[in-house]
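*Asks:* Fold the following and give me the result.
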Amino acid sequence: MDLAPPAGPFLGGQFSQGIETFHTVPSILYAEIPNLFSWLPPLCEIEMHDASFQLRSPIFSIDSSGTFQTDVELHPKGGYLLVTPILSQTTQYYLDQYGPSLPTPVTGEVIAAQGTTTLHMPLDISKTWDDPAQGMWATVTFDGTLYAQVRSQSKQFDLTVAPLTAGQMGDFSITDATPSRPAWLGYGFFTGDVYVPYIRSYLGIVNPQVAGNYIVTDALGNGQWNIPIPQAASGHTVHFQSAQIGGASQVISMTIQ
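*Replies:* Sure thing, here's the model as predicted:
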């Protein structure tokens, strides 16, 4: 689940592709349809192997109390079914070949406090497979409550901007960012909360533009830019903010001399 801004209070989030999946425990689940005659083999035996699923949603807003509402889909990511009817051969069905579930509305709460982010979300979602050509259908339902805790970013990392003069080089530096990760410097002329999908985070600049090239922070999470300031920028107030994937600095506003 992507959340922004990383230190909270959160303004928005998304269950997105590429993050953690649900796995069955144990990895092999067994079921059978019993025979009316107890001394005969089951009418059908079913095994689910290595099943994994993923929740996805559109981007949603989170209110000041941490509550959100959205629609989620359950996407099979791997695993297969083995179906063995009585007196017949076993047929294998791959779970991910039938697409996602129907969108299902959910309401949850996600709160950052004292360096910990907590998720609490009731979930009742089903994925149905229907293969008329094979005479097979099945439904898997997740019915319970998602509860999770993870350490969250304790604060925004810091951006420092030296006094800027048109026609000269400008010095920008960041400290306490995520170590050894790319960082970008953005600028704009208006402030406001804007979600940027590429970095999975909110920025405080409307229509942000990238200044200079990205850098990679050092082992302490520090980095710097030395960027020429255009002559035409003299007298303009510009808002600057640095960003990494999943996090951002504070916004610094400066009038260029």
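*Asks:* shaky segments in the stretch 1-150 of the chain?
*Replies:* 6-7, 18-20, 114-115 (pLDDT under 70).
*Asks:* Which elements pack onto the helix or strand hosting Val72?
*Replies:* Using DSSP states H and E, the element containing Val72 is strand 67-85. Strand 67-85 is packed against strand 44-56, strand 60-61, strand 91-94, strand 104-113, strand 116-131, strand 136-151, with contacts defined by 3 or more C-beta pairs under 8 Å, 6 or more residues apart in numbering; DSSP states H and E. For every residue, glycine as well, the C-beta is placed using N, CA and C.
*Asks:* quick one: that strand to chain centroid distance?
*Replies:* Here the centre of mass of C-alpha atoms in strand 67-85, compared against the chain's by C-alpha atoms, centre = their mean, to the nearest Å, lies 17 Å away.
*Asks:* Would you mind listing the buried residues in it?
*Replies:* Counting neighbours by 16 or more other C-beta atoms under 10 Å, one finds that the buried residues in strand 67-85 are 68, 70, 72-76, 79-81, 83-85.
*Asks:* quick one: terminal-to-terminal distance for stretch 128-138?
*Replies:* When the termini of stretch 128-138 are compared using C-alpha to C-alpha, to the nearest Å, they are 6 Å apart.
*Asks:* ugh, wrong one, stretch 205-217
*Replies:* The separation between the terminal residues of stretch 205-217, taken as C-alpha to C-alpha, is 22 Å.
*Asks:* now it, how far from the centre of its chain.
*Replies:* Averaging C-alpha coordinates over stretch 205-217 and over its chain gives two centres that are 21 Å apart (C-alpha atoms, centre = their mean).
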